[in-house]
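Visitor: give me coordinates for this.
(one chain, ligands or ions: 3)
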Amino acid sequence: MLKRIDLRGGVSDPRRLLPRAQLDVSVAVERIRPLVEAVRDHGYPAIREASERFDGVCPPVLRVPAEAIAAAEGVLDPDVRAALLESIARARRVHDDQRRTDHTTQVVPGGTVTERWVPVDRVGLYVPGGLAMYPSTVVMNVVPAQAAGVRSLVVASPPQQDNGGLPDARVLAACALLGVDEVYAVGGAQAVAMLAYGSTVDAEGTRRCAPVDMITGPGNIWVTAAKRLLRGVVGIDAEAGPTEIAVLADDTADPTHVAADLISQAEHDPLAASVLVTPSVELADAVDRELARQVPATKHAERVGTALGGEQSGVVLVDDLADGLRVVDAYAAEHLEIQTRDARDWALRVRNAGAIFVGPWAPVSLGDYCAGSNHVLPTGGCARHSSGLSVQSFLRGVHLVEYTREALRDVAPHVVTLATVEDLPAHGQAVAVRFAGEAS
Ligand SMILES: NC(=O)c1ccc[n+]([C@@H]2O[C@H](COP(=O)([O-])OP(=O)(O)OC[C@H]3O[C@@H](n4cnc5c(N)ncnc54)[C@H](O)[C@@H]3O)[C@@H](O)[C@H]2O)c1
Ligand SMILES: N[C@H](CO)Cc1c[nH]c[nH+]1
Ligand SMILES: [Zn+2]
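Guide: Ligands and ions are numbered 1, 2, ... in the order given. This is a model prediction of the structure:
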């Protein structure tokens, strides 16, 4: 079922041999550019047109009424409530514990630099809602933002035909459980544009969504493209597009588990990527047999089949785990599972992955919902340079520079020298003037 890439005999440039989906983000950027510009220039009418085209519905006012959010919580299934509360509690435990504190360095006597961590003022959190509904993503966006101390939080999520044009009721209920009251029924690239530029949110133009300073959250390729296009207009977290799982496994891995994990992430999107990297042909064969057994039995078999059959998915055969490590590092998966002997040792050697799931009892699905870790993670190779969503994503480090008169006077000649060498003498003068008349 999974195509095979045979790298036995040597891994030269594994990045070229492991393709990602053909519809890549740069192509999608050009497709959504007119829509993003229309939302910037016209606001609600452009959003309505896009929502009707892509979601089949658009409410007359995009802001979800407070009563609808409260009502969604009121009818929330008790088991779902309990699971969401557990997910929130575990995520809070981790994220609250990981907030950095301000730190002062004494550079010289009388001269200090303090790094202050200041939360972003207003953030827009995208919660997907096309092929699947994502109340868990409300948790993963909101918890770190709240832990960072963000003052103004806005959630945007696609309008649903079966919920009268409001976002999914479980998404609204999750907002209620987390105390988020500014929620908009808008999805896709149009949501990202609305958050970035600010927009009217009704036909009369009497109500507005104020622009945000930063947008976070995952989404499909169109959402990811809009985030890439608007980076700079607003702050953007890492690109968290169609889901990816890579599994580095040896002959100790259980093929039933490996196949289930590959299917679990393929279920998100026909563009999702599921990759097994192994030196064991026996394991690869057994996983194939398991896929043939499990895929037809899974609810979203068609979507899963498309994702697993796509060029972005496959089995990579390598000579040994050291080569496997080179392959997964070059690929830089959103999620990497290590199902090998001494799994933790191998995990600690990985350089590039959004999150690493170690050993047989930490499947990606645990991290999706209830590990306490964050599930908004970099895709498309962005794990080479970016992190998943965390408290840190919502904080800016601001240096506070404090020098006494004496400390400045001591270093003044060096400042003047560097200013002179850069032919910016006024810079030097701004220091020297403070000590005019004093012997240097
Ligand atoms: N990387 C992560 O951290 C992470 C986490 C969760 C989910 N995901 C990914 O998020 C995605 C969720 O996708 P989804 O579709 O369910 O929800 P979504 O909300 O991301 O996308 C739905 C929106 O896409 C827009 N759209 C649909 N077709 C379009 C087209 N042809 N042109 C322009 N816009 C179009 C619509 O406006 C719709 O509102 C999946 O790819 C999943 O793998 C990633
Ligand atoms: N696996 C997704 C991150 O790529 C997150 C998620 C949410 N719900 C289920 N899964
Ligand atoms: Zn998932």
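
Visitor: please tell me how far whichever residue of the stretch 151-300 of the chain sits closest to ligand 2 sits from residue 129.
Guide: Nearest residue of the stretch 151-300 of the chain to ligand 2: residue 243, at 3.7 Å (C-beta to the nearest ligand atom). C-beta: built from backbone N, CA, C; applies to glycine. Distance of residue 243 to residue 129, given as C-beta to C-beta, to the nearest Å: 15 Å.

Visitor: pLDDT weak spots in this protein?
Guide: 15-16, 22-23, 439-440 (pLDDT under 70).

Visitor: close to ligand 1: what parts of the stretch 51-200 of the chain are there?
Guide: 54-55, 128-132, 137, 158, 187-189 (C-beta under 6 Å from any ligand atom).

Visitor: using JSON lines, lay out the residues you listed together with secondary structure.
Guide: Shown next, in JSON lines, are those (DSSP: H, G, I helix; E, B strand; the rest coil):
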{"residue": "54", "secondary structure": "helix"}
{"residue": "55", "secondary structure": "coil"}
{"residue": "128", "secondary structure": "coil"}
{"residue": "129", "secondary structure": "strand"}
{"residue": "130", "secondary structure": "coil"}
{"residue": "131", "secondary structure": "coil"}
{"residue": "132", "secondary structure": "coil"}
{"residue": "137", "secondary structure": "helix"}
{"residue": "158", "secondary structure": "coil"}
{"residue": "187", "secondary structure": "coil"}
{"residue": "188", "secondary structure": "helix"}
{"residue": "189", "secondary structure": "helix"}
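
Visitor: buried ones from those residues, can you make that a ChimeraX selection?
Guide: Burial among those is assessed by 16 or more other C-beta atoms under 10 Å; the matching ChimeraX selection reads:
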select :54,55,128,129,130,137,158,187,188,189
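
Visitor: near ligand 2, which of the residues of the stretch 51-200 of the chain next to ligand 1 show up?
Guide: When contact is defined as C-beta under 6 Å from any ligand atom, those meet ligand 2 at residue 137.

Visitor: neighbours of the residue of the stretch 151-300 of the chain closest to ligand 2, how many?
Guide: Neighbours of residue 243 under the rule other C-beta atoms under 10 Å: 26.

Visitor: ok, now the one 4 residues further on?
Guide: Using other C-beta under 10 Å, residue 247 has 31 other residues around it.

Visitor: state the helix or strand in which it lies.
Guide: strand 244-249 (DSSP states H and E).

Visitor: remind me what that strand packs against, helices and strands.
Guide: helix 255-266, strand 273-278, helix 321-331, strand 335-339 (3 or more C-beta pairs under 8 Å, 6 or more residues apart in numbering; DSSP states H and E).

Visitor: would TSV of those with mean neighbour count and distance to residue 211 be doable?
Guide: Formatted as TSV, the helices and strands packed on strand 244-249 follow (neighbours: other C-beta atoms under 10 Å; distance: least, C-beta to C-beta, whole Å):
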stretch	mean neighbour count	distance to residue 211
helix 255-266	23	33
strand 273-278	28	33
helix 321-331	21	36
strand 335-339	29	32
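
Visitor: for the stretch 301-440 of the chain, what lies in contact range of ligand 2?
Guide: So the stretch 301-440 of the chain meets ligand 2 at 334, 368, 375, 377 (C-beta under 6 Å from any ligand atom).

Visitor: right, is the strand holding residue 247 up against ligand 1?
Guide: No. With C-beta under 6 Å from any ligand atom as the criterion, ligand 1 is not reached by strand 244-249; the gap is at least 7.7 Å.

Visitor: identify the residues contacting that strand?
Guide: 253, 258, 261-262, 264-266, 272-278, 280, 283, 312, 321, 324-325, 328, 331, 333-340, 346, 353, 364, 379-380 (C-beta atoms under 8 Å, 6 or more residues apart in numbering).

Visitor: picking up where we left off before, the residue of the stretch 151-300 of the chain closest to ligand 2 contacts residue 275, correct?
Guide: No. Residue 243 lies out of contact with residue 275 (C-beta atoms under 8 Å); the separation is 11.8 Å.

Visitor: and of the helices and strands packed on strand 244-249, who's closest to residue 68?
Guide: helix 255-266 (31.5 Å; C-beta to C-beta).

Visitor: report the distance from that closest one to the chain centre.
Guide: 22 Å (C-alpha atoms, centre = their mean, to the nearest Å).

Visitor: helices or strands up against it?
Guide: strand 244-249, strand 273-278, helix 281-294, helix 301-309, strand 335-339, helix 364-369.

Visitor: save these as JSON lines, and put in distance to residue 99 too.
Guide: Listed next are the helices and strands packed on helix 255-266 as JSON lines, based on distance: least, C-beta to C-beta, whole Å:
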{"stretch": "strand 244-249", "distance to residue 99": "28"}
{"stretch": "strand 273-278", "distance to residue 99": "33"}
{"stretch": "helix 281-294", "distance to residue 99": "40"}
{"stretch": "helix 301-309", "distance to residue 99": "36"}
{"stretch": "strand 335-339", "distance to residue 99": "24"}
{"stretch": "helix 364-369", "distance to residue 99": "20"}
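
Visitor: and of those, who's closest to residue 49?
Guide: The nearest among these, by C-beta to C-beta, is helix 301-309 at 27.3 Å.

Visitor: list of residues touching that closest one?
Guide: So helix 301-309 is contacted by 1-2, 131, 262-263, 266-274, 291, 295, 298, 313 (C-beta under 8 Å, 6+ apart).
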